[in-house]
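A predicted structure for the sequence below; I have some questions about it.
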Amino acid sequence: MPPALLGARLENTGELYYPSSATAIRQSASFPPPPIGYAPAMPHILHEGTAFDQITVKHPGGFEVILYNHAGAIHAYRNSCPHVGVGLDWGTGRCLSAPNELQCALHGAVFVADTGECISGPCYGQSLTRVPIRVEDGKIVSE
Ligand code: FES
């Protein structure tokens, strides 16, 4: 797949911004909608200045990507739980449940956020699929 822009740095802010077209998170027809009141506005800014931050974006290739910032290091994974393949975030865009932990909303699997390894839950020992990215001139680009 050719490189694709996932986000760009806002001028003078230390934040990575994702255009609205890249943040259209699906409400999958094959997956029940989140409970009423469960879906806040989709976050579309990754705050580089924080120790831990996470958003979910739509890749131009048609799949979703979890982007996770750990003290300036950006990690990217397919938003697909190794257990049954649904998005971890249940449509909210968020799955960061604790510092350096991503949690699947469906059955509660917990992943180490900077390695993608599942350390608790039904897919224990499996891993999220890493999406190769690079940060170049204030832009996050898939490789
Ligand atoms: S679908 Fe993620 S833990 Fe079951």
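Good, I have the coordinates. Numbers count the residues shown, from 1 in each chain.

For the rest of this, base every contact and every neighbour count on C-alpha atoms.
Will do.

Break down this structure into its strands, ranges please.
4-9, 15-17, 45-47, 52-58, 64-70, 73-78, 96-98, 101-103, 110-112, 118-120, 133-136, 139-142 (DSSP state E).

Quick check: beta-bridge partners of the residue nearest to the spatial centre of the chain?
By C-alpha atoms, centre = their mean, the chain has its centre lying nearest to I66, at 1.5 Å. Beta-bridge pairing for I66 (DSSP bridges): T56, Y77.

one step back: redo the strands of the chain as a markdown table? Include mean pLDDT.
Listed next are the strands of the chain as a markdown table, based on pLDDT from 0 to 100:
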| stretch | mean pLDDT |
| --- | --- |
| strand 4-9 | 80 |
| strand 15-17 | 79 |
| strand 45-47 | 83 |
| strand 52-58 | 87 |
| strand 64-70 | 91 |
| strand 73-78 | 93 |
| strand 96-98 | 92 |
| strand 101-103 | 96 |
| strand 110-112 | 98 |
| strand 118-120 | 98 |
| strand 133-136 | 86 |
| strand 139-142 | 85 |
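
Now render the ones you listed as a markdown table, adding distance to D89.
Formatted as a markdown table, these follow (distance: least, C-alpha to C-alpha, whole Å):
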| stretch | distance to D89 |
| --- | --- |
| strand 4-9 | 18 |
| strand 15-17 | 19 |
| strand 45-47 | 16 |
| strand 52-58 | 8 |
| strand 64-70 | 9 |
| strand 73-78 | 12 |
| strand 96-98 | 9 |
| strand 101-103 | 8 |
| strand 110-112 | 12 |
| strand 118-120 | 15 |
| strand 133-136 | 21 |
| strand 139-142 | 21 |
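
Within range of the ligand, give me the residues from this structure.
C81, H83, V84, V86, C104, L106, H107, G108, A109, P122 (C-alpha under 6 Å from any ligand atom).

Just give me the neighbour total for the first one.
The tally of other residues near C81 (other C-alpha atoms under 10 Å) stands at 24.

repeat for K58
Neighbour tally, K58, other C-alpha under 10 Å: 22.

same question, the one 4 residues further on
Burial measure for G62: 8 neighbouring residues, criterion other C-alpha under 10 Å.
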